[in-house]
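Q: next come a sequence and a model predicted from it.
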Amino acid sequence: MAQMNLLEAIRQGMDEEMEHDPRVFITGEDVGPRGGVFRVTQGLFEKYGPTRIIDSPLAELSIVGVGIGAALADLRPICEIQFADFIHPAMNQIMNEAARMYYRSGGTWTVPMVIRAPYGGGVGGGLYHSQSVEAFFAHTPGLKVIIPSTPYDAKGLIKSAIRDPNPVLFFETKKGYRLIKGDVPEGEYTVPIGEARVAREGSDLTVYSYGMMAHYAMQAAERVSQTDGIEAEVVDLRTLLPLDTKTVLESFKKTGKALIVHEDNLTMGFGAEIAAILASDGFEYMDAPIQRLCAPDIPGVPFSHPMQDYFMLNPTKIADAIRDLAAY
Amino acid sequence: MAKNTTDKVRNGRATPTSRPSDSLTKDTLLEMYWKMLLSRRVDERAWMIHRQGKIVFHISAIGQEAIQVAAAYTIHLGVDYIVPYYRDLALVLCAGVTPEDFMISLYGKEGELSSLARQMPSHFGAKPFNIVSTSAPVATQVVHAAGMAFAIKYRIQNELQDPNDRTQPRLAVTSLGEGSTSQGEWHEAMNWAGVHQLPFICIVQNNHYAISVPVDKQMAVPNVADRAAAYGVEGIIVDGNDVLACYDVMHYAVQKAYRGDGPTLIEAKTYRMTPHSSDDDDRTYRERSEVDAWRDKDPLLRLANHLKAQGLLTDAVIEGYDKRARKIVDEAQRAAEERPYPPGESAIAPVYAEAN
Amino acid sequence: MATKVIMPQLGESVVEGTVNTWLKKIGDRVDEYEALLEVSTDKVDSEIPAPASGTLLEIYVEAGTTVGTGTVLCLIGEPGEKSSEVPDHHENGKHHPPAKIEPSEEKRGTRLSPVVARMVAEHQLDVHKISGTGRDGRVTKKDVESYLESQTKDEELPPWERPGSGDLFKPTDTEEEAPARAIPVESIPKGVPGELIQLNAMRRAIADHMVQSKLHTAPHVTTVFEADLTNVLKHLEANKPQAARQGINLTLTAYFVAAIVEACRTQPIINSQWMEDGIYLHHHIHVGMAVALDNGLIVPVIKNAERLNLIGLAAQVNDLAQRARNKQLTADEVKGGTITLTNHGVSGSLFATPIINQPQSAIVGVGLMEKRVKVINDAIAIRPCCYISLTFDHRVADGATGDSFMMKMKTTLENWPER
């Protein structure tokens, strides 16, 4: 089994799908000879050439809009948005067009496309290279939203996303691109969309998270296990939409305590939905107020280091929140 | 690579000596007239049943039928991609949508063709005829047309499609109003079409108004087509009420696309002879005299006069057409009225496509 | 208004207590916090301080009587105050429902989380009988679960699944029942010289626990090693004065606890608990230390022994032993052990087979230390030695595991640095 980082796993997943299906192509800013600003598409231009790895104009709206058209015409576009922060110009195309196409055509026109975007802070990116934007899309029926936290899941999920007949938002933690490493088996496998993963079993409480924060949650859970004897269960949601409510509730029924952790700011964040589901469908199992550990409600991750550190969560902050909830 | 022949092809004459419309047969010409007439009668009925309180909304194509029918008669219907806008009633009626389909959409009845009655009327779409589903924010569809044209080029380049295979789509045609060209979406779509020289035809139906706002408040140039050069796209202006002139420029653009010679912008100068929609009152922003002046240029009337002058059409034939259209519209309306509404719970699905 | 004095809940899972002695009699003046009576439970003996100043007006529960926690024991007030204000909890006898008002309850509040409310309703529990370990004493879901676990299985069965106690439907298959009975109690013919010693709560609790552990719960097995304490004694001698300056009486017990911690690290399975669905491996080592009292035995617990060095352990040993003898232990200090040490050598025993303190899996016995003749390098030597034994739950571990544990204990003691 090969050890690789998150970025390499995503690349390998796309590479395999491009080999397997000639309809799959990649477009976006600098995806060609440059290999993407994060180098996710590195080597693919050399392998597949300019007809399948297409440097787009510097215009997110049409990266997505042209992708939608290509998908309507039965291609399998992978549209890369250079930073999730820059996805907003394409909002109309994603929400009004891609998300609604299947429904508004009575289930006749499909948009089998993937929109990839690196998200998240902690890399000195300031307000416009650090955003977490998943909540906007997770609110939109017709889209699927994936945020993997391990190389294994990243490869398995990007392959599922490319094969999915619906528009899929695939958000990649840029901080974790090279930081997160793990085993990725040789050969064909996929990870199904819509299934959460119990990343760590525990009985005292459940931490719900995804992406970079799921990675940190695992570290925090191991730490409190060693220092405090607290056994936290960690549920890595992996797919936000459609959400695996079954796994979410099963864990809550077991532990009765929930700590929801995300890097996106608190208000109307994805954690609110998890909290609502637990409150309505898990009420009789609730043993503590549902806790959310999220970024503050400010318009972005500030640039200067101390402010960035203040904004960002980390294993220590998560461990403290776990201890606090365990003691309730 | 980029072409700008805007000046050469003004006034609908692609080439002054031989016109493609010259070779249209009598049958085809009468058929085109019939399609324009049928669209007109269906449209008029929609206004009437709205004023009777039977339906809640209608948005009209009256006055713009010529360019739409011309487009339909130049592309490969059912095969080429059509990415319409909400005034393209005549175009979709040519492409396979029936008056009954349209009536059902006006009433929002069960099994509605474009959206299972989820969308408002005139948000056209019909997968069997390769008519793409459309939304209401304007110009969003132009980017899709660019993407579909891109897909055609992609398939040819990557040897997934034989460029001469007439069973495969060979172009994407889209339309929009002149006001919608103020949207960034139109700009970005034109840019892609120009950069990749796509088999893409953008028809701007310049009907002089975006609801109430006239052209000179949309743009600082007199013609939308003037902008085409900036994208490396050929821009052509045509008299949008002259169906044969429209046929000529469409024929030129379609053949160019089929040859792989790149995109075309066609600006059809026409006039919206009705208010914007059933909810609008155009008396608040334009003079009746202006509207009346355009009545004389009504494309239906002009084609009738032309065909009569050619000895291809008589008043008796027109009367026969009208009777036939009336019967079709009556039956379509009755069928729509008798049709049940969809059950409320059918709102739920489908939202996601299942993997094959 | 007169103040009611109730039987306190002297620890988690404690549901009743016995009035040992009244230290005041009716009519006596009492000051707030002055010792009023002595109470014993199966966990701990304690003096109960008066909750208010005044005159002892009424005593409702006589010495020697066991009542449920929350039962009103006596009334303190001003002379002439009516006793009718006392709720009708003054009846003597066992298993009274708890008083509605209990100081500790008020402090913790009665807010229940949804899951606790549901479980309490489902199992028809009295939530006041459940000790809370959550913030401010809140009853957590886990508290309810462990409470349910502590109930006998019979209580979890619906009533129709439990045998009736009347003659008519009394089970006749008494042989099946036999193991459940304690030692047959024979009546003593009249005239046999002797006297009946009343069972106090502690004696009864010890007896129940021993029967439960040995006869109904764990298959016991014992392995015995001998340890040469030469190095330990040298170290003790070298460090005793220094410890004394810190007010710590360094004794051999601390070394044995330290050796147990080392051995647990080698064989963590010994520091565990048998569960229905598996073996619960404790991540912390809480060492119970048996302390003999005049009339019984108590086992205070050194919590998180793995975090303490020798001096830290010695301090704990001193403190717990002293307060055990002075009856000053709190209920929680005698709870939560994961393994137990009993130093039966102090009473001259060479080696023994102690009974496991449930729900733990093992108990370490230390025998009499004495100088023994040993053959070392083919020469005869005189060495201070003692037998150390491990009695463990054979369901949890096999013989080799127990032996490995003991070998680690032995080598830890024998290889102790001399200084």
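A: Great, that's in hand. Because the structure is a prediction, the values reported are computed rather than measured.
Q: near chain A, which residues of chain C show up?
A: Contact residues (CB under 8 Å from any CB of the partner chain) of chain C with chain A: C:113-116, C:118, C:134-135, C:138, C:140-142, C:283-284. In this view, the C-beta of every residue, glycine as well, is placed from N, C-alpha and C.
Q: pull out the buried residues from these.
A: The neighbour-count test (16 or more other CB atoms under 10 Å in any protein chain shown) marks C:113-116, C:118, C:134, C:138, C:140-142 as buried among the residues of chain C next to chain A.
Q: can you lay out the residues you listed as JSON lines showing secondary structure and pLDDT?
A: Formatted as JSON lines, those follow (DSSP: H, G, I helix; E, B strand; the rest coil; pLDDT from 0 to 100):
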{"residue": "C:113", "secondary structure": "coil", "pLDDT": "92"}
{"residue": "C:114", "secondary structure": "helix", "pLDDT": "93"}
{"residue": "C:115", "secondary structure": "helix", "pLDDT": "93"}
{"residue": "C:116", "secondary structure": "helix", "pLDDT": "93"}
{"residue": "C:118", "secondary structure": "helix", "pLDDT": "91"}
{"residue": "C:134", "secondary structure": "coil", "pLDDT": "89"}
{"residue": "C:138", "secondary structure": "coil", "pLDDT": "90"}
{"residue": "C:140", "secondary structure": "coil", "pLDDT": "92"}
{"residue": "C:141", "secondary structure": "helix", "pLDDT": "92"}
{"residue": "C:142", "secondary structure": "helix", "pLDDT": "91"}
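Q: in CSV: the residues you listed, plus distance to residue C:388.
A: Formatted as CSV, these follow (distance: CB to CB, whole Å):
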residue, distance to residue C:388
C:113, 46
C:114, 50
C:115, 45
C:116, 44
C:118, 49
C:134, 40
C:138, 42
C:140, 39
C:141, 41
C:142, 35
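Q: which among these gets closest to residue C:69?
A: Nearest to residue C:69 among these is residue C:138, at 18.3 Å by CB to CB.
Q: hmm, the closest one is touching residue A:327, no?
A: No: contact criterion CB atoms under 8 Å: residue C:138 and residue A:327 do not qualify, at 9.7 Å.
Q: could I get the average pLDDT for stretch A:260-270?
A: For stretch A:260-270, mean pLDDT rounds to 97.
Q: quick check: buried residues in it?
A: If you call a residue buried by 16+ other CB under 10 Å, then stretch A:260-270 has these buried ones: A:260-265, A:269-270.
Q: got TSV for these, with distance to residue C:261 and secondary structure too?
A: As requested, the buried residues of stretch A:260-270 are arranged in TSV below (distance: CB to CB, whole Å; DSSP: H, G, I helix; E, B strand; the rest coil):
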residue	distance to residue C:261	secondary structure
A:260	38	strand
A:261	35	strand
A:262	41	strand
A:263	41	strand
A:264	45	strand
A:265	47	strand
A:269	46	coil
A:270	45	helix
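Q: how close does the residue of the stretch 151-300 of chain C found nearest chain B sit to residue B:145?
A: Relative to chain B, the nearest point of the stretch 151-300 of chain C is residue C:277 (39.0 Å; CB to the nearest CB). The gap separating residue C:277 from residue B:145 is 63 Å, by CB to CB, to the nearest Å.
Q: ok, residue B:67 next?
A: Residue B:67 is 16 Å from residue B:145, where distance means CB to CB.
Q: cool, residue B:234 as well?
A: Distance, residue B:234 to residue B:145, using CB to CB: 16 Å.
Q: what's the answer for residue B:264, then?
A: 12 Å.
Q: the more surrounded of the two?
A: residue B:145 (33 against 29; other CB atoms under 10 Å in any protein chain shown).
Q: which neighbouring elements make contact with the strand or helix carrying residue A:310?
A: Using DSSP states H and E, residue A:310 maps to helix A:305-311. The helices and strands touching helix A:305-311, judged by 3 or more CB pairs under 8 Å, 6 or more residues apart in numbering or on different chains; DSSP states H and E, number zero.
Q: which parts of that helix count as buried, going by neighbours?
A: Here helix A:305-311 shows A:308, A:311 as buried, counting by 16+ other CB under 10 Å.
Q: next SSE after it?
A: Counting by DSSP H and E, the next helix or strand C-terminal to helix A:305-311 is helix A:315-327.
Q: output the contacting helices and strands for that next one.
A: Packing contacts for helix A:315-327, counted by 3+ CB pairs under 8 Å, 6+ apart, involve strand A:205-209, helix A:211-228, strand A:258-265, strand A:291-295.
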